[in-house]
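Enquirer: predicted model and sequence below, questions to follow.
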Amino acid sequence: MAFDLVQYFAEQIKIQKPQLLAQLEPEQRKIYIEEINALTLGKLISLWRQNDDALYQEILSQDHLYTQEIARHLTTSKQNLSSLDKALLESATTDILELQIAELKQLDTAGSLGKRGLRELVIGQIEHLSGQAKDWVWSTNELTELIGSQPIPEEELSLEETMKEFNQMVNVQKSDAHTDHHDVVEVKTVNPAWAKVAEPIVALVVLYLLFEAATKIFA
C-alpha cells in the first residue's frame, strides 16, 4: 500500500495552517478541510494522468498563479456542491493546494524520487482516498472511479510513524532499482553474444584433441 499522503497532508495542514477557516466551528472546520484535502489531492492525481511532465515542472517551480488557477477552476465547477462560502472555499482550496505541492517538492527532494517516483506516489493515493469524500468531490476533480466508493479501514498513524513509512518506501524503491540494475549486468555477463558463435568451434577443437590422444594411445 502506498505511503498515505491523505493523512500526511492533513497533519501538515494542522501544523502549518492553524488559522485556516478558524472562523468556523471546530467540527465544521474539520469537515471542510478534509473535503478540500481530498478535492485538491484528487485533482493532482488527475493532472498527473493528463500530463506528468507539466505537473512535475509546476511542482518544482511552485508557481502561485498556476495553483490559484487550479483552485479557481475547482471552486467554480458546476460539479462542486460544497456548502462553504465561495470566497472562503477558493481561498482555502488555494492554501491547501499550495501546501500539498510544496510538500510534494520536499518529499521529492528528501527521497530523491524524481518524476517517476513522485508520480507513482501520487497515483498510489487513490486507495487512500477511497470513501473519504462525497461523490461530488470525485466528479469535480475528475476522479470518477471513486464515485460510490467505501472507506478502506486503516490504522491511524502519527506524523512520526508516517515519516518512517515514507523512509521505508524510499529504501524499498532504491533497493528495487539496485536489484534491477544488478540483474541486467548479470544477464549480459553470463550470456555474451560471442559465446553462441564460438560454441561449435570449441566443440571441434575438443573433438580434435580427443582424436589425437586416441591415435597416440593405439599407436
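Expert: Cool, got the structure.
Enquirer: dump the helix or strand harbouring Gly117 to PDB, restricted to CA.
Expert: Secondary structure from DSSP states H and E places Gly117 in helix 114-123. These are the backbone C-alpha positions of helix 114-123, laid out as PDB (Å, rounded to 0.1, in the frame of the first residue of the first chain):
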ATOM      1  CA  GLY A 114      12.400  12.000  -9.400                       C
ATOM      2  CA  LYS A 115       9.400  12.400 -11.700                       C
ATOM      3  CA  ARG A 116       8.700   8.700 -11.900                       C
ATOM      4  CA  GLY A 117       8.900   8.100  -8.200                       C
ATOM      5  CA  LEU A 118       6.700  11.100  -7.400                       C
ATOM      6  CA  ARG A 119       4.200  10.100 -10.000                       C
ATOM      7  CA  GLU A 120       3.900   6.600  -8.500                       C
ATOM      8  CA  LEU A 121       3.500   8.100  -5.000                       C
ATOM      9  CA  VAL A 122       0.700  10.500  -6.100                       C
ATOM     10  CA  ILE A 123      -1.200   8.000  -8.300                       C
END
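Enquirer: now for it, which elements pack on it?
Expert: helix 26-50, helix 52-61, helix 86-111 (3 or more Cβ pairs under 8 Å, 6 or more residues apart in numbering; DSSP states H and E). C-beta: built from backbone N, CA, C; applies to glycine.
Enquirer: and it, which residues are buried?
Expert: Using 16 or more other Cβ atoms under 10 Å as the test for burial, helix 114-123 gives 115, 117-119, 121-122.
Enquirer: what residue spans form the domains of this structure?
Expert: The chain resolves into domains spanning 5-156, 186-218 when parsed by automatic domain parsing.
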